[in-house]
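[1] Predicted structure and sequence below. I'll ask about it afterward.
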Amino acid sequence: MRFVPACALVAALTTSATANDLRWTDGYGQGTTTAVVYNAGGASVNIFCPLGQTDTTPGIFIETKTVRFKAGDKAAVQFVVDGKAYAFDFNEIRFKAKGADKRKTLSSLIDALVNSKGKSFTMEFPQLGKSEQFSTLGAKKAMTSGKQFLDGCE
């Protein structure tokens with residue numbers, strides 16, 4: 001009987017350590033490659049490439065408690081890396097890099113994160129005057145480059 005609670009405790013501690021790491025991590029599941037970073041407030045940025053899906057359009061998902069999105073909301077979001085802003089138009093919590101220009105902007109953001117000299121970057125909601133800070137730690141390992149991460153997507 002003591003084995004079950006001990007396993008639950010080990011699983012909980014392992015999950016907490018991963019969630020509190022606050023660095024970029026990579027993953028692959030159901031045909032989609034992801035690179036995700038969380039901040040201390042529980043916000044996240046998830047860059048994805050669904051190369052194994054029917055729709056191979058890459059993009060970004062965000063989660064934040066700073067801004068609440070309703071169904072159909074549009075939002076201007078910019079990521080500031082080493083003083084340079086990368087602007088995106090989000091549909092609620094998602095940006096889809098459909099088309100060459102949007103894909104190029106996403107690839108440029110990935111390259112900026114991977115090559116950043118700073119310890120952090122900012123996700124801003126310019127029209128609302130709100131922002132979130134995230135770490136750049138692990139970005140290079142999680143994504144390597146925009147070209148490599150997005151290879152096989154749209």
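    Received it, and whenever you're ready, just let me know what you need.

[2] Low-confidence ranges, the chain, go.
    By pLDDT under 70, the weakly predicted segments of the chain are 1-20.

[3] the helices in it, which residues?
    Using DSSP state H, the helices of the chain run over residues 3-19, 100-115, 139-143, 146-150.

[4] Pull the number of nearby residues for the closest residue to residue 50 other than its chain neighbours.
    With sequence-adjacent residues excluded and distances taken as CB to CB, 6 or more residues apart in numbering, residue 50 is closest to residue 32, at 4.4 Å. For every residue, glycine as well, the C-beta is placed using N, CA and C. Residues lying near residue 32 (other CB atoms under 10 Å) number 16.

[5] what do you get for residue 89?
    Residue 89, neighbours per other CB under 10 Å, totals 11.

[6] One more: residue 123?
    For residue 123, the neighbour count with other CB under 10 Å is 24.

[7] Now do the contacts for it.
    Contact analysis of residue 123 by CB atoms under 8 Å, 6 or more residues apart in numbering lists 43, 45, 62, 64, 77-79, 131-132, 134.

[8] Return the set of residues that bridge with it.
    As for beta bridges, residue 123 partners with residue 79, residue 132 under DSSP bridges.

[9] gap between it and residue 93?
    12 Å (CB to CB, to the nearest Å).
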